[in-house]
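[1] structure for this input, please:
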Amino acid sequence: MKTMASRKSRGGYGLSLLLRILVWAAGMITLGIFCCLLGYMLIKGLPHLSWDLFSPLYTSENVSLFPALINTVTMTLFSLLLAVPVGILSAVYLVEYAKRGNKLVKAVGIAAETLSGIPSIVYGLFGMLFFVTTLKWGYSLIAGAFTLGIMILPLIMRTTEEALRSVPDSYREGSFGLGAGKLRTVFRIVVPAAMPGIVSGVILAIGRIVGETAALIYTAGTVAAIPEGMFSSGRTLAVHMYALYSEGLHMDKGYATGVVLIFLVVLINCAASLIAKFIGRGGRG
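    Next up, the predicted model:
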């Protein structure tokens, strides 16, 4: 009996060690790929960064990325303004208010998963037909922002749902036991506790917005100028990079644009994390 038990323990230890090695190897491979991509972009792009790239005026001689930078920030903020409140409130209703096992909840879940798998170019064609043509907004930032808002809405909904479901029921029961109502419990206890997961979804949505090209070419256009308003056409940094690589005349400026895009994503993600911490502290207070 002791021999069999010792063999089983050795087998379990060997399997645990093998799984640990595989997990570490997968993590190191992922980290290595990320470092290779980041290092490649920095090596290719940093030497070509100059103040001329941040000129307000785009010309054929100086392919300034400053107009695209302004358009990217504007597009990101407006798309998040459209999608984040709707996505979070929809998830709150589905998790906290709708009855579990409700057919509506299942239907919304299936719809969200289906929309998440649709290629971005399909969203672009829909935005062109509906926002650009039917509503007669033309190629504009607002048409692109609404298209991207629809695109990231399922992502924000699903991540918020999972974050809310991960909050223990003891939080809700304790709040109810102290006399708090349903609304106060949800928005003062549950949502702040789920804020890290919600922010993760928002950060993923930001990455999809900033790196999108196909949907924006058909809706926002490719005009390389600082827009006069939301109904003006403009290109984002990703579309700017695509245009430079397609022309093949300013490849070095394309790499420099990629470096700026990376720093912009990091900056926006840090800002989103700080805002989430502030909201979480306010909720706990």
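[2] count the residues that sit near residue 225.
    17 (other Cβ atoms under 10 Å). In short, each C-beta sits where N, CA and C put it, glycine included.
[3] check the gap between it and residue 39 for me.
    Remark: distance between residue 225 and residue 39 (Cβ to Cβ, to the nearest Å) = 33 Å.
[4] again, but for residue 242
    22 Å.
[5] between these two, who's got more neighbours?
    Counted by other Cβ under 10 Å, residue 242 and residue 39 do not tie: residue 242 has more neighbours, with 19 against 10.
[6] contact partners for that one?
    Residue 242 makes contacts with 213, 217, as judged by Cβ atoms under 8 Å, 6 or more residues apart in numbering.
[7] also residue 259?
    41-42, 45-46, 49.
[8] where's residue 231, which helix or strand?
    Assigned by DSSP states H and E, residue 231 falls within no helix or strand.
[9] how far away is it from residue 16?
    Residue 231 is 60 Å from residue 16, by Cβ to Cβ.
[10] with neighbour numbers in mind, choose between those two.
    Between residue 231 and residue 16, counting by other Cβ under 10 Å, residue 231 is the more crowded of the two (13 against 10).
[11] my guess is the more buried one contacts residue 141, does it?
    Yes - Residue 231 is in contact with residue 141 according to Cβ atoms under 8 Å; the separation is 7.4 Å.
[12] for the spatially most central residue of the chain, give its distance to residue 247.
    Nearest to the mean C-alpha position of the chain, by Cα atoms, centre = their mean, lies residue 205 at 1.6 Å. Distance, residue 205 to residue 247, using Cβ to Cβ: 30 Å.
[13] could you pull out the helices in the stretch 1-150 of the chain for me?
    Here the stretch 1-150 of the chain has its helices, by DSSP state H, counting those that start in this stretch, at 2-45, 66-92, 103-116, 120-127, 141-165.
[14] pull out the buried positions in stretch 223-242.
    223-227, 230, 232-242 (16 or more other Cβ atoms under 10 Å).
[15] report the mean per-residue pLDDT for that stretch.
    Per-residue pLDDT over stretch 223-242 has a mean of 87.
[16] start to end distance for it?
    13 Å (Cα to Cα, to the nearest Å).
[17] so where does residue 183 fall, helix or strand?
    Going by DSSP H and E, residue 183 is in helix 182-185.
[18] run through who's touching that helix.
    Contact partners of helix 182-185, identified using Cβ under 8 Å, 6+ apart, comprise 96-97, 172, 175-176.
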